[in-house]
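Student: What shape does this take:
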Amino acid sequence: MARTRAIRGYGVLVLAPLVLVACSGGGGSPGGEGASASATGSAGAEPSSKPEDSGGIDADPAKLPTTRKEALDLIGRVIAEPATFGPGVVKRSPYESDPATWPVLGTDCIWRQEKPEGSVLATVSRSFEVPAAGGKGPVRLSAVVTVHRTRDDARWEMAESVEETMRCPTQQLRQGEQIGSMIASSLGQEKGVQDSAEDFLLESGQYMNTELGGGPYPYSWYLSQSLQFTVAVTGKGAKGWSEQEIDVLANQAHSTMLLRLGSAVEKQS
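Tutor: Just a heads-up that it's a prediction; the model follows:
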């Protein structure tokens, strides 16, 4: 996948009070095509997988991956394809990341591809685009699914994603491409407010791309964690696109992948 995060910067970073929930529950990364937070390893005993604390998923232990092969099979059933985002979305090239790598944010606030942590069973990202048309520039989208060895490993990814935002208010995805002016908020599971995942992190801000005319353009990043899994979607805007339009695309794919995850691992009644 590459993690799912990208530009922060040019302004004050605002973290809603609930963002601290992430320190006890999931994470992710902002850039999309090669940007996802790195886990630091297991953090103790594995909690039980009860519906009330697992994003509403009553998991069947036999369906939870324990090998890389099983993790890649599950990712293939969960991760988005173009139609998941809606009409007009197509594959970008390269379409799928090398599962032997994932994005890591350096101390210089630049994203690089490195070998995944030992806590990761498998991680895959896909890249998409809404082609330029009708006076609007091309929107770049990405989806990432990561399978950790334990729930605590997935929670560490979420916590590190929050730390990265605070440490690097401006991040370079690649040459000529940045994100900044990030506003981040995190919600733990709460009935009637956010009950589709154990932990959920949303970031919005500005996307800068010299190839697309500079910007700033709208940027959205959704990251959620349930059980040992994290799911992320990034939307990077372009000329003529509103923040709401980018959010609609990202939210559609993110919600669908969470539903697929539940269907893939839940107990059969």
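
Student: Which neighbouring elements make contact with the helix or strand that contains residue 255?
Tutor: Following DSSP states H and E, the helix or strand that holds residue 255 is helix 243-265. Taking 3 or more Cβ pairs under 8 Å, 6 or more residues apart in numbering; DSSP states H and E as contact, the helices and strands that helix 243-265 lies on are helix 68-78, helix 82-85, strand 139-148, strand 194-209, strand 214-226, strand 229-236. (C-beta placed from N, C-alpha, C; glycine too.)

Student: Run the chain-centre distance for stretch 122-142.
Tutor: With Cα atoms, centre = their mean, to the nearest Å as the basis, the distance from the averaged C-alpha position of stretch 122-142 to the chain average is 15 Å.

Student: okay, and for the stretch 151-269 of the chain, where does confidence drop off?
Tutor: 186-196 (pLDDT under 70).

Student: follow-up on the earlier one: contacts for the helix holding residue 255 next, please.
Tutor: By Cβ atoms under 8 Å, 6 or more residues apart in numbering, the surrounding residues in contact with helix 243-265 are 55-57, 59-60, 63-64, 74, 77-80, 84-86, 89, 130, 139, 141, 143, 145, 196-197, 204, 218-222, 224, 226-227, 229, 231-237.

Student: Enumerate the positions of stretch 167-178 that are buried.
Tutor: Within stretch 167-178, the residues scored as buried using 16 or more other Cβ atoms under 10 Å are 168, 169, 170, 171, 172, 173, 177, 178.

Student: Could you do stretch 228-242 as well?
Tutor: 228, 229, 230, 231, 232, 233, 234, 235, 236, 237, 238, 241.

Student: how far away is the residue nearest the centre of the chain from residue 173?
Tutor: Taking Cα atoms, centre = their mean, the centroid of the chain lies closest to residue 232, which sits 2.1 Å from it. Applying Cβ to Cβ, to the nearest Å, the value for residue 232 to residue 173 is 14 Å.

Student: One more: residue 249?
Tutor: The span separating residue 249 from residue 173 equals 18 Å under the rule Cβ to Cβ.

Student: And for residue 88?
Tutor: With distances defined as Cβ to Cβ, the gap from residue 88 to residue 173 amounts to 23 Å.

Student: Serialize the buried residues of stretch 228-242 to CSV and add fields for distance to residue 265.
Tutor: Formatted as CSV, those follow (distance: Cβ to Cβ, whole Å):
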residue, distance to residue 265
228, 9
229, 8
230, 14
231, 12
232, 18
233, 19
234, 24
235, 26
236, 30
237, 33
238, 36
241, 35
